[in-house]
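# Provide a 3D model corresponding to the input given below.
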Amino acid sequence: MSELQLNDVRNLLKSVKALDESYIEKWASYLGIKDIYKKVKQ
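Numbering: from 1, shown residues only. Predicted structure coming up:
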């Protein structure tokens, strides 16, 4: 995953106020990308 893609996800997480974070965390874990999700949440 490129830095540009990571920045796009960061911007999305910051701009959308009503995200269901527990749902996203569940799917990130299921898909094996929980470390990437944690990285973009920082």
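# apart from its neighbours in sequence, what residue is nearest residue 34?
For residue 34, ignoring the flanking residues on the chain, the nearest one in space by C-beta to C-beta, 6 or more residues apart in numbering is residue 28 at 4.7 Å. C-beta here means a position set from N, CA and C on the backbone, and glycine is covered the same way.
# the spatially most central residue of the chain and residue 23: what is the separation?
Note on the chain: the residue nearest the mean C-alpha position is residue 37, at 4.0 Å, using C-alpha atoms, centre = their mean. According to C-beta to C-beta, to the nearest Å, residue 37 and residue 23 sit 12 Å apart.
# what sits against the residue nearest to residue 34?
Counting by C-beta atoms under 8 Å, 6 or more residues apart in numbering, residue 28 makes contact with 34, 36, 37.
# does the second one sit in a helix or strand, and which one?
Using DSSP states H and E, the secondary-structure element containing residue 36 is helix 34-41.
# now that helix: buried residues?
By 16 or more other C-beta atoms under 10 Å, the buried positions in helix 34-41 come out as 37, 40.
# helices and strands around it, which ones?
Here helix 34-41 touches helix 3-15, helix 21-31, going by 3 or more C-beta pairs under 8 Å, 6 or more residues apart in numbering; DSSP states H and E.
# show me what contacts residue 25?
34, 37.
# got a pLDDT number for it?
Here, the pLDDT recorded for residue 25 equals 94.
# roughly how far does it sit from residue 39?
13 Å.
# same thing with residue 24?
Distance of residue 24 to residue 39, given as C-beta to C-beta: 14 Å.
# go on, residue 14?
Using C-beta to C-beta, residue 14 is found at 14 Å from residue 39.
# and residue 15, how many neighbours?
Here the count is done by other C-beta atoms under 10 Å, and residue 15 has 8 residues near it.
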